[in-house]
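Asks: one predicted model, sequence on top.
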Amino acid sequence: MLNTRCSSQPPRPACRNSHPVSRLYDRSFACAFVSQIGFVLANTLMTHYARWVDFLGGDVEQVGFIMGAGSVVGLLLRPWIGQCIDRIGARNVWLLGYLIFGIGAAGNLTLSGLGGGIYVCRSLLVLGAAFVFSSSLAYITHHAPPERRTEAIGILGVGGFTGMLLGPVLGDVILGETRSLENFQTLFAVAVASLAVPTLLLFFLEAPLSETRRSRARLSDFFRTIVQCWPGAIILVVATFGLCMTVPFIFLAKYIDEIGLSIPGVSEMGLFFTCYAGWGLTVRVSSRRIPDRLGRRKMLLVGCVVMGLGMFMFPWVDAAHPWRLAAPALLCGTGHALMFHTATSLFLHTFPSNVRGVGSALSLMVLDMGTIAGAPVLGYIAFHFGYDWLFRSVGVSCFVAGACYAVSSIPVWQAQLQATRLQALGRDRPV
């Protein structure tokens, strides 16, 4: 029988010791941070995967289906990933994710066409990333003091932004202007090699004091936990964020090639991700304490609006003005920096420590749903109506999700305002 109580304010976890209030940045955090950089570098080398599909004879609609179908495996296995984290520990699942991702990247070296193999390899890449991001998220939320959890998720994400700065540019350098089979084989070999240091660093992680192990992992427990700890309307925002991520990580490379963006001596993918990740990193670091001080919901809503505006900037880019690509990159990077860690923190708020792996898996499962549902639909839109309508569709989705979440937040804000007024009245009463 699952014994898990969930509410808007999770109970204190049963653990050996409590975290020191201010402790966050230590050797384990540093190792997790650098490991995250290395993995995201390898993962963002796969932003060129659409070009690999194109090289093998596919079009933008097939890109959408291959990427979306690849995400289905990760989605279906998320419940077991979460259960695995709570049973054998986040670090062990993290290591397993690196192994699966490496097999998926290496498998592409054997492909010569758009057969079933490319679906298997893409699925392994997505599944490996699912293991890595679910376990790293669970680990860091166990490691961080509760009052600094949003900050911890955000700063770990800075490692992700750093990897984004390196991976797409390195991929452009490897592939060059005239792409050959040897170039793509080098790309996948470098992705596998990039996992060596991140894997080694995981052996230096200490087990978090708040991490507890469960004796069993049943699918029924997963769904029972979800019902008891249901996170609410934040699910819509996380799914929309997954939809947004199809733009830079699935369709961007194909978009650049098809509209003929060319900047002599400059990598177009590099330009986008330097602006996207470089500026996003700056925003994330400079605003790391703001969500916990001024309100996570408010910061998340600002992120939704900025992300939506960034999507509407893409139609402004054309072959005659390739440098304009920096504008949507800066806006979308800002939206990413404001949205992901605040949404994740709000999502995990209702999951106690002993089921944090389930919460982490569910949050990324919802993000995958946005990608799975979005990639084929957006690929269809781009193929039949053009890329401008693809971007507008994503932008409208951001505005709608933000509006829905704002409406759902009104009772919370009213309760906070009432509590503030009562505190003020209490201070004004004479003793």
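Replies: Noted; the coordinates are in hand.

Asks: C-alpha only now, for contacts and for neighbours.
Replies: Will do.

Asks: strands of the stretch 301-431 of the chain, start to end?
Replies: Using DSSP state E, counting those that start in this stretch, the stretch 301-431 of the chain contains no strands.

Asks: in it, what spans have low per-residue confidence?
Replies: 426-431 (pLDDT under 70).

Asks: next one: the stretch 51-200 of the chain
Replies: In the stretch 51-200 of the chain, residues with pLDDT under 70: 70.

Asks: same thing but 50
Replies: The stretch 51-200 of the chain contains no residues with pLDDT under 50.

Asks: the helices in it, which residues?
Replies: 60-88, 90-107, 116-143, 149-175, 181-193, 196-202 (DSSP state H, counting those that start in this stretch).

Asks: between the ones you listed, which one is nearest to residue 229?
Replies: When these are compared by CA to CA, helix 60-88 sits nearest residue 229, at 14.1 Å.

Asks: which other helices and strands contact that closest one?
Replies: helix 49-55, helix 90-107, helix 116-143, helix 219-228, helix 356-385 (3 or more CA pairs under 8 Å, 6 or more residues apart in numbering; DSSP states H and E).

Asks: distance from the shortest one to the middle of the chain?
Replies: Distance of helix 49-55 from its chain centroid, counting by CA atoms, centre = their mean, to the nearest Å, is 22 Å.

Asks: give me the contacts around it.
Replies: 59, 60, 62, 63, 114, 184, 250, 251, 253, 254 (CA atoms under 8 Å, 6 or more residues apart in numbering).

Asks: most surrounded residue in those residues?
Replies: residue 251 (26 neighbours; other CA atoms under 10 Å).

Asks: okay, now the residue nearest to that residue when sequence neighbours are not counted: neighbour count?
Replies: Excluding the flanking residues, the one nearest residue 251 by CA to CA, 6 or more residues apart in numbering is residue 50, at 7.0 Å. Neighbours of residue 50 under the rule other CA under 10 Å: 25.

Asks: got a list of what residue 363 touches?
Replies: 235, 238, 344, 347, 348.

Asks: closest to residue 192 among those residues?
Replies: For the contacts of residue 363, the nearest to residue 192 is residue 344 (28.3 Å; CA to CA).

Asks: count of residues packed around that closest one?
Replies: 23.

Asks: and residue 139, by the same measure?
Replies: 27.

Asks: so what's the residue count around the closest residue to residue 201 other than its chain neighbours?
Replies: The shortest distance from residue 201 to any non-neighbouring residue, by CA to CA, 6+ apart, is to residue 31 (5.6 Å). Close neighbours of residue 31, defined as other CA under 10 Å, add up to 19.

Asks: so residue 31 sits right up against residue 206, yeah?
Replies: No: Residue 31 is not in contact with residue 206 according to CA atoms under 8 Å; the separation is 9.9 Å.

Asks: quick one, which of the helices of the stretch 51-200 of the chain is nearest to residue 226?
Replies: Closest among these, once you apply CA to CA, is helix 60-88, at 10.2 Å.

Asks: in that closest one, what's buried?
Replies: 60-75, 78-88 (16 or more other CA atoms under 10 Å).

Asks: before we move on, the earlier item: of the contacts of residue 363, closest to residue 328?
Replies: residue 238 (20.4 Å).

Asks: hmm, back to that, can you list the helices and strands packed on helix 60-88 in a markdown table and add distance to residue 288?
Replies: Formatted as a markdown table, the entries for the helices and strands packed on helix 60-88 read as follows, by distance: least, CA to CA, whole Å:
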| stretch | distance to residue 288 |
| --- | --- |
| helix 49-55 | 32 |
| helix 90-107 | 24 |
| helix 116-143 | 15 |
| helix 219-228 | 29 |
| helix 356-385 | 20 |
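
Asks: for residue 268, which of the ones you listed is the nearest?
Replies: Of all these, helix 49-55 comes closest under CA to CA, at 13.7 Å.

Asks: picking that back up, farthest pair in the contacts of residue 363?
Replies: Pairwise over these, using CA to CA, the maximum falls at 238 and 348, 11.7 Å.

Asks: any idea which element the residue nearest to residue 201 lies in?
Replies: helix 27-44 (DSSP states H and E).

Asks: what's around the residue lying closest to residue 408 once chain neighbours are set aside, how many residues?
Replies: Spatial nearest neighbour of residue 408, excluding adjacent residues (CA to CA, 6+ apart): residue 233 at 6.7 Å. Residues lying near residue 233 (other CA under 10 Å) number 16.

Asks: tell me the contacts of residue 137?
Replies: 153, 360.

Asks: and it, how far from residue 156?
Replies: According to CA to CA, to the nearest Å, residue 137 and residue 156 sit 9 Å apart.

Asks: likewise for residue 196?
Replies: 19 Å.

Asks: before we move on, what about residue 403?
Replies: Taking CA to CA, one finds residue 403 at 28 Å from residue 156.

Asks: what's the offset of stretch 336-356 from the middle of its chain?
Replies: 12 Å.

Asks: rewinding a little: format the helices of the stretch 51-200 of the chain as a markdown table; extra columns: distance to residue 335.
Replies: Below are those laid out as a markdown table (distance: least, CA to CA, whole Å):
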| stretch | distance to residue 335 |
| --- | --- |
| helix 60-88 | 23 |
| helix 90-107 | 27 |
| helix 116-143 | 20 |
| helix 149-175 | 13 |
| helix 181-193 | 27 |
| helix 196-202 | 27 |
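
Asks: out of the ones you listed, which gets nearest to residue 276?
Replies: Between these, helix 149-175 lies closest to residue 276; by CA to CA that is 8.3 Å.

Asks: looking at this, residue 231 is in a strand?
Replies: No: Residue 231 is assigned coil when assessed by DSSP: H, G, I helix; E, B strand; the rest coil, not a strand.

Asks: that one touches residue 352, doesn't it?
Replies: No: at 11.9 Å, residue 231 does not count as touching residue 352 under the criterion of CA under 8 Å.

Asks: need the residues touching each of the two.
Replies: With CA under 8 Å, 6+ apart, residue 231 and residue 352 have no common neighbours.
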